[in-house]
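A.B. asks: this is a predicted model, with the sequence first.
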Amino acid sequence: MTTASIPRVRGLRRVLRAALGRAYPRIIGQNRERSWLFYDTILPLLGTIAFVYVYKALGAPDRFIGYVIMGGATTAFWMNVMWNMAAQFYWDKQGGNLELYMVVPCGITPILLGMSLGGFVATVLRAVAIVLIGSLMFHVRFDISNLGVFLLVFGVAVVALYGLGVTFASLFLLWGREAWHMAELFMEPVFLASGFYFPVRALGFWAAMGTSLIPLTLALDAMRQLLFGAAHPALLPVWWEVGGLVFLAVLFIILARFMLRRMEYLARREGRLSLRF
Amino acid sequence: MAIAAAARQEGSLRRWWRVLRVSFWLGWQIETNWTDPLLFFIYSLAKPLGGVLILVFMYFVVARGGQGPMLGFFVVGTALWPFVLRGMMGIAWGLISDREHWKTLRYIYTSPIPYRGYLIGRALAQATSAVAPAVITLIFGRYVLGVPLYLATVNAQYAAVAMITGIAGIVALGLVVVSAAMLISGEAWRMPEGVGAGLYLVSGAIFPVTTLPAVLQPLAQVFPLTWWLEAMRRGLLGPQSLRSFAWASDAQVLVYEVVVTAVWIIVATLIFGVAEHRARQLGILDQESAY
């Protein structure tokens, strides 16, 4: 096929096609690689099971096991955002793809959009698998009191989370080896700050409000309220948390756009785009 | 010819020591020089402290305040686990990063050094970087959480023997993991993490082995880490420690640790030799996967 015969698309269609093109290897490619399925599902599950046994050793009520399973599923999302969004440009730099992304006519934004979309679809399958396997193993029942609100919380949280991922991706664009270590740094401290394995209210009201800047804090608290009702020590009423998540989603999308331009400029100026080590 | 003659003159023990020293230095540089010392210090502390605080909050939401032996169990386990992460997984990542990332494996392997010694030196460098977080986590446990870690009751000799044997056990496990990493390419990056997660679950790192289902409890006893963690808890916390093996005396736990570690060292040496031979025969020792 000559370049003249390639259909030219512009505007939104080009963005959409580029995003779908980038999402393709994430959805199809990841599911073709069976070992990735195994590692992405089993690794968070092993950590989750370990925390379930901690609660069992402490003699905790059954709902805490539900907390941990939800936390384990959320871990899959956080790991996806940090390793496959934030640090992705680091891998792309190593593989030589970053330079290609920079010269394609669609620009970098649809690439990131595609990464988010593909990453989300692939991760949601793993998260569902973690919840199903965890629930079956430990006989946990989840009774969602309001499915519509639950899905709304989840949807808004995902937008805010991947917005944060794009913001981080632009920040990581400047980094070399630091990227790997910084992604590592954002694991356990975030699991703690967002209350992955315990109700975030236990941190204290104001500390928990501070850590609510991470979208998963409010999302987990709201979803736990919808799953466990009055037994869950809530941080804020559900609708306040939905409002907070909408605010974070808008904030991170605007911030991501600004940071992407700024960091791309800095990375070009300082010659770091093709700096591998 | 001259190099071979020089190597013969040096003696294998001295050569091993030199390789250990130099690879330790190299590993330390790779581990630490990506940033300034302050950020490295924060980075080293954030994971274990984050880990112990998660467990502490889990404990407090259930226990609603108050002290208990479980807190000490958490603190010692979380303080020591970075040795496993960095030592065992570090040895595997040493090989994988040389092969995939730095692309230096073939040059290192063909140099006149014992390759096993080089990998162990790299692992020990990684394990050394776990010392500061371990000490600070223990101090945090003692002074912030009130865990009974008193100098008067710490059995220093017992803990020292358990610690040295534990590091040997970690390196032995690392050699087994690195043997597997030699023979696989695509998923080599994630395999050590998977092994680490599995061991975290079965070796009594954050909860007593007795909490595990009965079918998994004998499996836990196969790994040197289980005995090492048990011995370290007894050495550091004294009689107040919560025990995974209440039936065993302190001396028995130490003997089990030494014996299980010795078996793993022998097994690891054999497996490493077989894996190295097989990887060379298949021509995949330096095969890059582009992941």
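C.D. replies: Sure, I can see it.
A.B. asks: can you tell me which residues contact A:N84?
C.D. replies: A:26, A:115, A:119 (Cβ atoms under 8 Å, 6 or more residues apart in numbering or on different chains). C-beta: built from backbone N, CA, C; applies to glycine.
A.B. asks: buried sites along stretch A:241-248?
C.D. replies: Across stretch A:241-248, burial judged by 16 or more other Cβ atoms under 10 Å in any protein chain shown covers A:241-242, A:244-245, A:248.
A.B. asks: please read the previous query as pertaining to stretch A:220-236.
C.D. replies: Taking 16+ other Cβ under 10 Å as the criterion, stretch A:220-236 shows A:220-228, A:232, A:234-236 as buried.
A.B. asks: from these, pick the one nearest B:V259.
C.D. replies: A:L220 (44.9 Å; Cβ to Cβ).
A.B. asks: touching chain B at all, the helix or strand hosting the closest one?
C.D. replies: Following DSSP states H and E, the helix or strand that holds A:L220 is helix A:215-228. No - interface with chain B: helix A:215-228 contributes nothing (Cβ under 8 Å from any Cβ of the partner chain), its closest point being 12.3 Å away.
A.B. asks: and whichever helix or strand comes after that helix with helix A:215-228, angle?
C.D. replies: The C-terminal neighbour of helix A:215-228 among helices and strands, as given by DSSP H and E, is helix A:238-269. Helix A:238-269 and helix A:215-228 are oriented at 150 degrees to each other (axes from the mean of the first three to the mean of the last three Cα atoms, to 10 degrees).
A.B. asks: could you say what helices and strands helix A:238-269 packs with?
C.D. replies: helix A:108-138, helix A:147-172, helix A:215-228 (3 or more Cβ pairs under 8 Å, 6 or more residues apart in numbering or on different chains; DSSP states H and E).
A.B. asks: grab the nearest non-local neighbour of the residue of the stretch 1-150 of chain B at minimum distance from chain A.
C.D. replies: Nearest to chain A in the stretch 1-150 of chain B, going by Cβ to the nearest Cβ, is B:G50, at a distance of 3.2 Å. Using Cβ to Cβ, 6 or more residues apart in numbering or on different chains and skipping the chain neighbours, the partner closest in space to B:G50 is A:E188 (3.2 Å).
A.B. asks: and the one you found, what does it touch?
C.D. replies: B:46-48, B:50-51, B:54.
A.B. asks: which of those are buried?
C.D. replies: B:46-48, B:50-51, B:54.
A.B. asks: just send the residues you listed back as a markdown table, with secondary structure, distance to A:W91 and pLDDT too.
C.D. replies: Shown next, in a markdown table, are the buried ones among the contacts of A:E188 (DSSP: H, G, I helix; E, B strand; the rest coil; distance: Cβ to Cβ, whole Å; pLDDT from 0 to 100):
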| residue | secondary structure | distance to A:W91 | pLDDT |
| --- | --- | --- | --- |
| B:A46 | helix | 23 | 87 |
| B:K47 | helix | 21 | 84 |
| B:P48 | helix | 26 | 85 |
| B:G50 | helix | 24 | 91 |
| B:G51 | helix | 26 | 89 |
| B:I54 | helix | 28 | 93 |
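A.B. asks: now, which of those sits nearest A:R141?
C.D. replies: Taking Cβ to Cβ as the measure, A:R141 lies nearest B:I54 of the buried ones among the contacts of A:E188, at 24.8 Å.
A.B. asks: that closest one contacts A:S194, correct?
C.D. replies: No - with contacts counted by Cβ atoms under 8 Å, B:I54 stays clear of A:S194, the gap being 10.5 Å.
A.B. asks: mutual contacts of those two, please.
C.D. replies: The contact sets of B:I54 and A:S194 do not overlap (Cβ under 8 Å, 6+ apart).
A.B. asks: per-residue pLDDT, the residue of chain A found nearest chain B?
C.D. replies: Scanning chain A for the residue nearest chain B gives A:E188, at 3.2 Å (criterion: Cβ to the nearest Cβ). On the pLDDT scale, A:E188 is placed at 89.
A.B. asks: per-residue pLDDT, residue 231?
C.D. replies: No chain specified, so I'll use chain A. pLDDT, A:A231: 86.
A.B. asks: my bad, chain B
C.D. replies: Looking at B:A231, its pLDDT reads 96.
A.B. asks: can you check B:T104 too?
C.D. replies: Here, the pLDDT recorded for B:T104 equals 89.
A.B. asks: next: the one 10 residues further on.
C.D. replies: Turning to B:P114, the model gives it a pLDDT of 91.
A.B. asks: can you map out the helices along the stretch 1-150 of chain A?
C.D. replies: A:11-24, A:30-32, A:34-58, A:62-81, A:88-95, A:97-103, A:108-138, A:147-172 (DSSP state H, counting those that start in this stretch).
A.B. asks: deepest of those helices, which one?
C.D. replies: Ranked by mean neighbour count, those are led by helix A:62-81 with a mean of 24 (mean count of other Cβ atoms under 10 Å in any protein chain shown).
A.B. asks: quick one: it to helix A:147-172, angle?
C.D. replies: 40 degrees.
A.B. asks: so where's chain A uncertain?
C.D. replies: A:1-7, A:30-31, A:176, A:274-277 (pLDDT under 70).
A.B. asks: near chain B, which residues of it? Just list them.
C.D. replies: A:33, A:35-36, A:39, A:42-43, A:46-47, A:49-51, A:53-60, A:64, A:94-95, A:176-178, A:181, A:184-185, A:187-189, A:191-192, A:195-199, A:202-203.
A.B. asks: repeat the analysis, applying 6 Å as the threshold.
C.D. replies: Within chain A, the residues that sit near chain B (Cβ under 6 Å from any Cβ of the partner chain) are A:35, A:39, A:43, A:46-47, A:49-50, A:53-54, A:56-58, A:60, A:177-178, A:181, A:185, A:188-189, A:191-192, A:197-198, A:202.
A.B. asks: tell me which residues are up against the one helix or strand B:E31 maps to.
C.D. replies: Under the criterion of DSSP H and E, B:E31 resides in helix B:12-32. Applying Cβ atoms under 6 Å, 6 or more residues apart in numbering or on different chains, the contact partners of helix B:12-32 are B:40, B:113-114, B:117-118, B:121-122, B:124-126, B:129.
A.B. asks: check contacts around residue 233.
C.D. replies: I went with chain A, as the question did not name one. A:199, A:201.
A.B. asks: to clarify, I was referring to chain B.
C.D. replies: Contacts of B:R233 (Cβ under 6 Å, 6+ apart): B:76, B:241.
A.B. asks: how close does B:E288 get to A:G29?
C.D. replies: 19 Å (Cβ to Cβ, to the nearest Å).
A.B. asks: same thing with A:L147?
C.D. replies: For A:L147 relative to A:G29 (Cβ to Cβ), the value is 32 Å.
A.B. asks: that older thread, which positions in the helix holding B:E31 come out as buried?
C.D. replies: So for helix B:12-32, counting by 16+ other Cβ under 10 Å, buried means B:15-16, B:19-20, B:23-24, B:26-28, B:30-32.
A.B. asks: how about JSON lines for these, with pLDDT added?
C.D. replies: Listed next are these as JSON lines, based on pLDDT from 0 to 100:
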{"residue": "B:R15", "pLDDT": "88"}
{"residue": "B:W16", "pLDDT": "90"}
{"residue": "B:V19", "pLDDT": "93"}
{"residue": "B:L20", "pLDDT": "92"}
{"residue": "B:S23", "pLDDT": "93"}
{"residue": "B:F24", "pLDDT": "93"}
{"residue": "B:L26", "pLDDT": "91"}
{"residue": "B:G27", "pLDDT": "89"}
{"residue": "B:W28", "pLDDT": "89"}
{"residue": "B:I30", "pLDDT": "85"}
{"residue": "B:E31", "pLDDT": "80"}
{"residue": "B:T32", "pLDDT": "83"}
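A.B. asks: between those, which sits nearest A:L100?
C.D. replies: Out of the buried residues of helix B:12-32, the member with the shortest distance to A:L100 (by Cβ to Cβ) is B:I30, at 28.5 Å.
A.B. asks: picking up where we left off before, buried among the contacts of helix B:12-32? Make that a ChimeraX selection.
C.D. replies: A single ChimeraX command selects the buried members of the contacts of helix B:12-32 (16+ other Cβ under 10 Å):
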select /B:40,113,117,118,121,122,124,125,126,129
